[in-house]
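Novice: Okay, here's the prediction I keep looking at, along with the sequence it came from:
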Amino acid sequence: MLFDIDATLLTTRGQGIRALRRAGADVFGEPFEVEHVESSGRLDPLIMLDMIEAARKRATEARLEEFRAAYLRRLDETLVPGVAGALPGVPALLEALGRIDEMVVGLVTGNLPETGLLKLERAGIDARQFEIRAWGCDSPHEPPARDHLPGVALERFLARHRREADRSVTSIVGDTPHDVACAKAHGLRCLGVSTGLFDGCSLEEAGADLVLDDLTQTDEIVQWLTKPLRR
């Protein structure tokens, strides 16, 4: 079971993108606006490159590393207690999944590892619940894409458990069409949750196998997640 982070497990109430903008200004100077850069469901390294291009700045490897470090620093400052929070139903669902024998819960997210872990911590979600993790910087290909990440997660499952994951009961839970697309690219199911910018119709049109308003229906979700999907 593989979860997206932002707008699926938790909300930062917009502070993540604000921290990115401030970090960009710290490294590249003003103006550094981000209003026209798409961020929802995308990889942080690609978002950062688009921000730099939109600001008409030059991206060197050294500057990108500075940007990444500044983002962590600004996010740490921004996510003060009470700002980030788990979305409705998430704690109960994770607890229920943790009680199921043989259930492996993981992450497939566009976040960088250090900022993703910080968001989870500040939202009160224990990152130790996620055994398998595929981060936004983990694509083995150039250019990177979110569609590559489920493959990384499946390889890490194989390396850890010495067996292939059963794709008939392996699902990605996410809030954007990007989550749906990356699931379908690897023959996985997708539970779309309209807790982000995309409504249920958009997620259904993208091909989600199940669409819910939120993750509060714990028993029903667990039943769906653990039952092989009939093709």
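Specialist: Happy to help now that I have it. Numbering: from 1, shown residues only.

Novice: alpha carbons only for contacts and neighbour counts from here, please
Specialist: OK.

Novice: Next, count neighbours for the nearest residue to residue 140 once chain neighbours are set aside.
Specialist: Once flanking residues are discounted, residue 140 sits nearest to residue 148: 7.5 Å by CA to CA, 6 or more residues apart in numbering. The number of residues packed around residue 148, counting by other CA atoms under 10 Å, is 20.

Novice: Pull the contacting residues for residue 173.
Specialist: By CA atoms under 8 Å, 6 or more residues apart in numbering, the contact set of residue 173 is 1, 2, 3, 4, 8, 179, 190, 191, 192, 193.

Novice: Pull up the pairing partners for the host helix or strand of it, direction included.
Specialist: Assessed by DSSP states H and E, residue 173 sits inside strand 171-174. Within its sheet, and counting by DSSP bridges, strand 171-174 is paired with strand 2-3 (parallel), strand 189-193 (parallel).

Novice: between those, which gets nearest to residue 161?
Specialist: Closest approach to residue 161 among the strands paired with strand 171-174 (CA to CA): strand 2-3, 15.8 Å.

Novice: For the closest one, give me every contacting residue.
Specialist: 9, 105, 106, 107, 108, 109, 170, 171, 172, 173, 174.

Novice: Which pLDDT value belongs to the second one?
Specialist: Residue 105 is assigned a predicted lDDT (pLDDT) of 98.

Novice: if I pick it, what's in contact with it?
Specialist: Residue 105 makes contact with 1, 2, 3, 97, 98, 129, 130, 131, 132, according to CA under 8 Å, 6+ apart.

Novice: now, which of the contacts of strand 2-3 sits nearest residue 204?
Specialist: residue 174 (12.3 Å).

Novice: quick one: the closest one and residue 26, what's the gap?
Specialist: Using CA to CA, to the nearest Å, residue 174 is found at 31 Å from residue 26.

Novice: More neighbours: the two, which one.
Specialist: residue 174 (31 against 16).

Novice: Contacts only, for the more buried one.
Specialist: Residues in contact with residue 174 (CA under 8 Å, 6+ apart) are 3, 4, 5, 7, 8, 180, 190, 191, 192, 193.

Novice: The fifth one touches residue 179, doesn't it?
Specialist: No - shown here, residue 8 and residue 179 do not form a contact pair, counting by CA atoms under 8 Å, at 10.3 Å.

Novice: The protein: helices as residue ranges?
Specialist: 15-28, 44-54, 61-78, 90-98, 113-122, 149-161, 177-184, 200-206, 218-226 (DSSP state H).

Novice: Derive a PyMOL selection command for the buried subset of the contacts of residue 173.
Specialist: Entered in PyMOL, the line below selects the buried ones among the contacts of residue 173, by 16 or more other CA atoms under 10 Å:
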select buried, resi 1+2+3+4+8+179+190+191+192+193
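
Novice: so which of the contacts of residue 173 comes closest to residue 113?
Specialist: Nearest member of the contacts of residue 173 to residue 113, counting by CA to CA, is residue 4, at 12.7 Å.

Novice: close enough to count as contact, that closest one and residue 107?
Specialist: Yes - counting by CA under 8 Å, residue 4 touches residue 107, with 6.0 Å between them.

Novice: what sits against residue 127?
Specialist: Contacts for residue 127 (CA under 8 Å, 6+ apart) come out as 117, 120, 121.

Novice: what about the first one, how many neighbours?
Specialist: Okay, so that is residue 117. The local packing of residue 117 (other CA under 10 Å) involves 16 other residues.

Novice: which ones are touching it?
Specialist: residue 127.
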